[in-house]
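**Student:** what's the 3D shape of this:
(one chain, ligands or ions: 1)
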Amino acid sequence: MSFGNRFFFVSLFLGTALTRFCNCNQVVLLDTTSVLGELGWKTYPINGWDAITEMDEHNRPIHTFQVCNVMEPNQNNWLRSNWISRQAAQKVYVELRFTLRDCNSIPWVSGTCKETFNLFYHETDEAHGVKFRPAQYTKIDTIAADESFTQMDLGDRILKLNTEVREVGPINRKGFYLAFQDIGACIALVSVRVYYKKCPFTLRNLASFPDTVPRVDSSSLVEVRGACVDHAEERDTPKLFCGADGDWLVPLGRCVCSVGYEEIDGSCVACRPGFYKAYAGNIKCSKCPPHSFSYGDASAICRCEKGFFRAEKDPPTMACTRPPSPPRNLIFNLNDTCLLLEWSPPSDTGGRRDLTYNVQCKRCGPEPDHCQLCEDELRFLPGPLGLTNATVTVLDFSAHANYTFEIESLNGVSDMSSFPRQVAIITVSTDQGGPSLVGTLKKDWASPNSIALSWQQPEQTTLPIIDYEVKYYEKEHELLSYSSTRTKAPSVIVSGLKPATWYVFSVRTRTAAGYSSYSPKYEYETTGDSSNMASDQGQVLVIVTAAVGGFTLLVILTLFLLITGRCQWYFKAKMTSEDKRRANYQNGHVPFPGIKTYVDPDTYEDPTQAVHEFTKEIDPSRIRIERVIGAGEFGEVCSGRLRTPGKKEIAVAIKTLKGGYVERQRRDFLREASIMGQFDHPNIIRLEGVVTKSRPVMIVVEYMENGSLDSFLRQHDGHFTVIQLVGMLRGIASGMKYLSDMGYVHRDLAARNILVNSNLVCKVSDFGLSRVLEDDPEAAYTTTGGKIPIRWTAPEAISYRKFSSASDAWSYGIVMWEVMSYGERPYWEMSNQDVILSIEEGYRLPAPMGCPVALHQLMLHCWQKERNHRPKFTDIVSFLDKLIRNPSSLLPLVEDIQSLPESPGEEMDYPMFISVGDWLDSIKMSQYKSNFMAAGYNTLDSVARMSIEDVRRIGVELIGHQRRIISSIQTLHLQLLHEHEKGFHV
Ligand code: ACK
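**Tutor:** Next up, the predicted model:
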């Protein structure tokens, strides 16, 4: 019995069930669902498989083959497909969709009904005329249904469609037939799809990879080499591997866009006019550097504007530059044997840093055009050509001759310009000489503190006298300190001298030709005055408010004053020639010789020039922003990673300039980078570079894991040892020493502007001069209109904006206090106005709890009203170093001294002292001075060895007083040990 047309159908589900999605990595060789006409498949015997074509809801034919001879035994019904070309395939997949009826659901068929059918194939090269011979066919598999259906399902119209896929291959002939053998099942073959897999054409890493057929052996991959897209070139051979399932795997190598092209959405696009790309690589086209242009598309380099050039070794990224303007302010200074020529650098360096000078000498007769070159006759130190300093010494010149010197500034592009070079010219007559010596130096009168001097003007002066410089020093301390003063008249009153003291004076003259030699030395004495004497000595000895530990600092301070006094002399002498040079020191700072000087970016006419000069441009593709860590004035601050070719990736902080900025904001934003870029010190935040050529504009600096110091300390209140805190302070002081040596005044030194890394290293950050103050939330407007962080700022800076390294030292004292109090707010909730008033009245922050005396001492020292009395950062560093090396010096705590029972609640004042009397004054025990003297304790050394019995024996009877004295002696003892260690003797 046959179930004929009978039973199940398919049209119910075909419309939707056969819908397939794109299988882009499959190439279909046959799909019965897409064949519109007759399929034309063969069936054997004639009463076996039935071909039934129905139409789906979209009127498309559905070709199905059905057979259901389940009641009759020995069924052998064949259905054979048409010939299928294998095309490029070596292995094909046959996907069958069918339904199969459950034999148990059909009565009386046991023994004859089957629930499987067989799938065969046969390879041939011929597409036609092949007779069907089952014996030629190779069995692929027996196909069973995962799910068969019953009559009941049919009643419920539940149709269970099975999908089975079988691999066939390798196939070597041009094509093949498929055959389906039914041996007595009830089957409807709903669709047959034959396909092979391929890795489809793709573009990866700027290379194209063609359609690729995988290997038959599914465990081996096909290696495919890519071809670079247009305008790209191979960096490392681009490769992909085609996997058995038609997926591309393991991309290797890449192409990069050629010179003049940049990558946009996977292809290489020409740089627009005004842009260029000089190197093949994964970089974007850049805007032409200043003073250069590109007109066409795809420029590899921008051409220089007229009058601007690129030196042979200048990278294409560099701005075009021009020769410098001539040197300025050329002067000479002549003495018998030596002629010094000095000049200032040109006002326009042409945008380059390779500035040198050449000197040419001409000797002219009476006629100006009768000149001969004379370099060979003279000796130049260091030489006549390629000078890097703006000075040269000329030797071996003849007397009574006129020499004309031409100084030319040169840079790396001077040879390229056809414009005539401009030079600075000076004519020196060796008759003329420099200014002459002044005549005898006379003392007009003297008082205890002053001496009035006058002298005769030099007799012959070819040039007008600009002024006189009077140098003087205490005769006793000749080698220790000098001072100098200037006067336009041939007389001066030198004041601030010590009574009854011999001073040595000499004077020199200054004209446009430089200085004369010093006059001979003259010695004069101030008059004596006993009352003044006492107070003057007092001024020297008792310097300021300071405490029991102050002796150490006094010695350092005194020594330092001596040194700086001496240096002042040197610097003053230096400044006179120095100030003719480019004056880029802040607030009269004079840099240490040999130490790089900070250059204020605002002195650049074009601030972007400063950015170019002091910062490195970073390609933004090297930066990976990971998260936002805070908000800056100009935009978010993020953390991320910076890749540098050939180096380890590093963590960075990225300050961004938010969109919509105006030019001034961009300039202010980048000013900080131009400043930071000039510094190189372990305690100054390091600038990695800037991104200015693309948006957003960014400043990239080293990452400091623990963020800013104030919040870090507040989060770790009480967690550190005193030595650790001193270590942090030492780092900050070292950074500040570096800045002050460079001539940079920070103006906003505060714990919030210090960053801390994972090793607790503190680094000074937040640079930008006035801008810093603008964006510091602590900064308040003063009566003079400036915006100043009052609590951190020295009084002279608040009242008349006198910012200097000494005002930074004041701020440093406040930072010390912030550190020792774990981030407490200086002056707590006092108003700014009250802070200013109380400082004016002499109030100073007390020591934070647990603060060693020595540190509070140092703070008080930093907070001296007289700024010249404050320690310099170099002193602070060496003082802190000593404390670190000798931790016992940190043991005495301020509260130990303050908690003496005799003085409940009383503010202790710790004046510095160097005598026993001063010391007793400082601990308010002056009444015992005579007891100490009478008992022979007249040096601090001897006092430091006293025991409590000694104190009692000399007549200190009150127990409170005995304890106060003994406690102070203990501190004194420690400090004296210190001093002895340093080699100072009291
Ligand atoms: O206190 P913080 O965590 O530390 O929050 C501020 C925030 O960004 C806004 O300035 C942090 N920050 C600034 N520069 C850096 C840096 N170089 N490394 C880590 N954090 C930084 C700062």
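**Student:** list the residues that contact the closest residue to the ligand within the stretch 51-200 of the chain.
**Tutor:** Of all residues in the stretch 51-200 of the chain, C199 sits closest to the ligand, at 45.9 Å by Cβ to the nearest ligand atom. Where you see a C-beta, it was placed from the backbone N, CA and C, and this is true even at glycine. Shown in contact with C199 (Cβ atoms under 8 Å, 6 or more residues apart in numbering): 25, 209, 211-214, 222, 224, 240, 242-243, 246-248.
**Student:** select only the buried ones of those residues in ChimeraX?
**Tutor:** Selection of buried members from these for ChimeraX, criterion 16 or more other Cβ atoms under 10 Å:
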select :25,209,212,213,214,224,240,242,243,246,248
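**Student:** from the contacts of C199, which one has the minimum pLDDT?
**Tutor:** pLDDT is lowest at G243 among the contacts of C199; the value there is 81.
**Student:** so it versus Q26, what's the distance?
**Tutor:** 14 Å (Cβ to Cβ, to the nearest Å).
**Student:** tell me, what's touching those two both at once?
**Tutor:** In contact with both G243 and Q26: no residue, using Cβ under 8 Å, 6+ apart.
**Student:** about what we covered before: could I get the pLDDT score of the residue of the stretch 51-200 of the chain closest to the ligand?
**Tutor:** 93.
**Student:** do I543 as well
**Tutor:** Checking the pLDDT column for I543, the value is 28.
**Student:** start the count at 152, not 1, going forward
**Tutor:** Understood, numbering begins at 152; the last thing we discussed is I694.
**Student:** quick one on the thing from earlier: going by distance to L1091, which of the contacts of C350 wins?
**Tutor:** Set against L1091, the nearest of those by Cβ to Cβ is L391 (84.4 Å).
**Student:** in terms of contact, does the closest one touch F352 like I think?
**Tutor:** No - using Cβ atoms under 8 Å as the test, L391 is too far from F352 to be in contact (11.2 Å).
**Student:** ok, T1025 - contacts?
**Tutor:** Taking Cβ under 8 Å, 6+ apart, one finds K888 in contact with T1025.
**Student:** got phi/psi on it?
**Tutor:** phi -60, psi -40 (degrees, to the nearest 10).
**Student:** now do the shared contacts for L391 and F352.
**Tutor:** In contact with both L391 and F352: F360, using Cβ under 8 Å, 6+ apart.
**Student:** circling back: redo the contacts of C350 as a markdown table? Include secondary structure and distance to the ligand.
**Tutor:** Below are those laid out as a markdown table (DSSP: H, G, I helix; E, B strand; the rest coil; distance: Cβ to the nearest ligand atom, whole Å):
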| residue | secondary structure | distance to the ligand |
| --- | --- | --- |
| N176 | coil | 47 |
| F360 | strand | 43 |
| D362 | coil | 50 |
| T363 | strand | 48 |
| V364 | coil | 54 |
| P365 | coil | 50 |
| V373 | strand | 49 |
| V375 | strand | 45 |
| L391 | strand | 40 |
| C393 | strand | 46 |
| G394 | coil | 44 |
| G397 | coil | 48 |
| D398 | coil | 42 |
| W399 | strand | 41 |
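**Student:** nearest to V589 among the contacts of C350?
**Tutor:** The closest of these, once distances to V589 are taken by Cβ to Cβ, is L391, at 89.2 Å.
**Student:** which strand residues bridge the closest one?
**Tutor:** V375 (DSSP bridges).
**Student:** sheet-wise, list the partners of the helix or strand hosting Y346 with their directions.
**Tutor:** Using DSSP states H and E, Y346 maps to strand 337-348. Applying DSSP bridges to the sheet, strand 337-348 is found paired with strand 177-182 (antiparallel), strand 212-219 (antiparallel), strand 243-251 (antiparallel).
**Student:** and those: which comes nearest A901?
**Tutor:** strand 177-182 (68.1 Å).
**Student:** residues making contact with that closest one?
**Tutor:** With Cβ under 8 Å, 6+ apart as the criterion, strand 177-182 contacts 232, 235-240, 243-244, 342-349, 397.
**Student:** now that strand - C-alpha only, PDB.
**Tutor:** Taking C-alpha atoms only, strand 177-182 is exported to PDB below (Å, rounded to 0.1, in the frame of the first residue of the first chain):
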ATOM      1  CA  GLN A 177      29.400  29.400   1.900                       C
ATOM      2  CA  VAL A 178      29.200  29.000  -1.900                       C
ATOM      3  CA  VAL A 179      26.000  27.200  -2.800                       C
ATOM      4  CA  LEU A 180      26.200  24.600  -5.600                       C
ATOM      5  CA  LEU A 181      22.600  23.500  -5.400                       C
ATOM      6  CA  ASP A 182      19.600  24.700  -3.500                       C
END
